[in-house]
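Novice: The following block contains a protein sequence and its predicted model.
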Amino acid sequence: MTEIAPGSLADSNRLAYSGRALPPGVQGARARRLGWWYFTEHILRQMKGYGWPVLVYDVGQPLLYLFAMGVGLGAVVDANAGTIDGVRYLTFVAPALLVSTAVMTAAGEMTYPVMSGFKWQRIYYGPLASPISPGQIAFGHLLAVSFRFIAQATVFWGLMQLFGASASGWSWLVIPIGVLSALSFASLLQAYAATLRDEGFQFAFIQRFIVMPMFLFAGTFFELTAMPVYLRWIGWLSPVWHGTELARVANYGRELAPGMAWVHVGYLLALLALGLVLANRNYRRRLAE
Amino acid sequence: MPTVIHASDLTKKYGDFTAVDAISFEVPAGESFGLLGPNGAGKTTTMRMIGGTSTRTGGTLTVMGLDPETHGPEVRAHLGVVPQQDNLDEELRVRENLISYGRYFGLPYSYLRPKADELLEFAQLTEKAGEKVTALSGGMKRRLTIARGLVNEPQILLLDEPTTGLDPQARHILWDRLFRLKEEGVTLIVTTHFMDEAEQLCDRLIVIDKGRIMAEGSPRSLIRQYSTREVLEVRFGSERNATVVHQLEGVGERNEVLPDRILIYADSGEAAMEEVTARGLNPLTSLVRRSSLEDVFLRLTGRSLID
């Protein structure tokens, strides 16, 4: 069999083979290396279309929480208890709110949009006919969403500074901590959403019985140890509690038991790794049908 | 011409069901090659195996000398794909769709920006460049999908049911665009269940049914081989068709009874009609037409292309 030499039919006046495109071999090699990034670009291009509403949401939501929980509830707590964990309530609760809102955003970004990619808008199927692979599509989508987490956490941290809610020079570390917490939840959710055929009760269930309990019972508003022992597992399992513990260390130097910081980081990384593996597998299966 | 696609005993099974049953074909560069068959014949599955997005159960397949299963990205870099169901990104603008898609091939923006403009002109969508995809008609979406498939300057364009769901005018515009690509030497692989589309677009085609190749050749040679020059269609009303048919024996070379009409295959439809009248039969309507691929399919499978 003879292979046509690339560009042998090239004619710069022709639409089909102008000869200006990269040779197919180079296109294939680039896609193998960077295909995931090309899909990230695509999702970011989509996000640009609704940039303003997202920005308003990402500024508005922290403001609401910081005023209500930090300033409002904080005034009550501080007046009665003095300090909590050695700091003002606002300083205690703000990093936890940052982690929680990041995880809530993960719940929004990796449920309906994933189903839409397979079912409604079908944007996963366009690139399938290009050189990029299903695994790259899965990872590219997660990476694009992580930019959203970074933007959101950065805005949140900036507002915390305006409210004077940080008591450490390392408080900026709440940004990567929040992003890691959100990603660990996002990757698992993405893997799960890729297995769903129809919009049933599942996403509403996740919202009500996984996301909300994590927000309420995973040490956001009070120490996890304030909960009865038989409810603490909610915190232990949830990325929110592990992220919150770390974020408090960054925000005001909370003291953890020796080695616990590594346990928290390790747990979040392990969830992320598991999510990545499962999402890769589930996208491959689903897109090969 | 060198061969761009070579399939030998290509097979795809889903459990007990055999979607593609040991088909073999070769496509030389620059040819317009068709896969004609009814829905469920295995055409789309074959297309997906060519692109390496579906694995094969047996046989060998090479595209530009490469195995799509092991060299998927390289094979797909040679291909432009126009799927049966449009999957444009409706959240992006028309021109953005082309640029965004071109990025999947690792193509730089300096190449993609002018290329997108050329493709929009080709697709007659220049004025729609900044519109949302949702604002396009069905025919425009199809042309945009074709333009998108050309963004990487592929040597082979795969078109899966390119005009299904389009009105006649939109179909003709689309065919015209595809002719232009053919003139430029692009190899077209077209699946269709429309005989007129196969006759319009294909130099050569295979007729597939239930995953097997029933016949292979140019539209003209297939018609010559499997049908007569003309066909006389007569209608006696749905109840009488079956009772009249034995009286029509021997009028043409052969007859086919369809639910609503009887087809009489003869070299001269006029002469056959005279014979029908001479036998004292007066059909409600009669029509003489040239044989088409529909007749070839009917002859080969005993069924119509469109159920």
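Specialist: Perfect, I can see it now.

Novice: where does chain A dip in pLDDT?
Specialist: A:1-13 (pLDDT under 70).

Novice: beta partners for the spatially most central residue of chain B?
Specialist: Centre of chain B computed as the mean C-alpha position; nearest residue by CA atoms, centre = their mean is B:Thr192, 2.5 Å away. Beta bridges link B:Thr192 to B:Leu36, judged by DSSP bridges.

Novice: correct me, but it touches B:Ala198?
Specialist: Yes - with contact defined as CB atoms under 8 Å, B:Thr192 counts as touching B:Ala198 (5.4 Å). The way it works is simple: take the backbone N, C-alpha and C, and place the C-beta from them, glycine included.

Novice: name the element the closest residue to B:Ser54 other than its chain neighbours belongs to?
Specialist: Leaving out its chain neighbours, the residue that sits closest to B:Ser54 by CB to CB, 6 or more residues apart in numbering or on different chains is B:Arg48, at 3.7 Å. Assigned by DSSP states H and E, B:Arg48 belongs to helix B:43-50.

Novice: how close does B:Gln200 sit to A:Glu289?
Specialist: Distance, B:Gln200 to A:Glu289, using CB to CB, to the nearest Å: 32 Å.

Novice: do A:Ile43 as well
Specialist: Separation of A:Ile43 from A:Glu289 (CB to CB) stands at 22 Å.

Novice: Name the residue in those two with the higher neighbour count.
Specialist: Higher neighbour count among A:Ile43 and A:Glu289: A:Ile43, with 25 against 8, using other CB atoms under 10 Å in any protein chain shown.

Novice: correct me, but the more buried one touches A:Arg148?
Specialist: No - counting by CB under 8 Å, A:Ile43 sits too far from A:Arg148 to count as a contact (9.3 Å).

Novice: can you pull the pLDDT of the closest residue to A:Arg20 other than its chain neighbours?
Specialist: In space, and not counting its chain neighbours, A:Arg20 is closest to B:Tyr111: 5.9 Å by CB to CB, 6+ apart. Listed pLDDT for B:Tyr111 reads 96.

Novice: B:Gly15: neighbour count?
Specialist: Count around B:Gly15 with other CB under 10 Å applied: 5.

Novice: can you pull the contacts of B:Glu96?
Specialist: Shown in contact with B:Glu96 (CB atoms under 8 Å, 6 or more residues apart in numbering or on different chains): A:Arg45, B:Asp89.

Novice: after whichever strand or helix holds it, next one along is what?
Specialist: Assigned by DSSP H and E, B:Glu96 belongs to helix B:94-103. For helix B:94-103, the succeeding helix or strand toward the C-terminus, using DSSP H and E, is helix B:109-122.

Novice: Just the buried residues of that next one, please?
Specialist: Neighbour-count burial for helix B:109-122 flags B:Tyr111, B:Leu112, B:Lys115, B:Ala116, B:Glu118, B:Leu119, B:Leu120, B:Phe122 (criterion: 16 or more other CB atoms under 10 Å in any protein chain shown).

Novice: do stretch A:133-140 as well
Specialist: For stretch A:133-140, the neighbour count (16+ other CB under 10 Å) marks A:Ser133, A:Pro134, A:Gly135, A:Gln136, A:Ile137, A:Ala138, A:Phe139, A:Gly140 as buried.

Novice: next one: stretch B:173-180
Specialist: For stretch B:173-180, a neighbour-count test (16+ other CB under 10 Å) marks B:Ile173, B:Leu174, B:Trp175, B:Arg177, B:Leu178 as buried.

Novice: again, but for stretch A:76-93
Specialist: Residues A:Val77, A:Ile84, A:Val87, A:Arg88, A:Tyr89, A:Leu90, A:Thr91, A:Phe92, A:Val93 are the ones in stretch A:76-93 that count as buried (16+ other CB under 10 Å).

Novice: what's the distance between it and the middle of its chain?
Specialist: 29 Å (CA atoms, centre = their mean, to the nearest Å).

Novice: Spell out, range by range, the strands that occur in the stretch 201-307 of chain B.
Specialist: Assignment of strands within the stretch 201-307 of chain B using DSSP state E, counting those that start in this stretch yields the ranges B:204-209, B:212-217, B:230-235, B:254-257, B:262-266, B:285-290.
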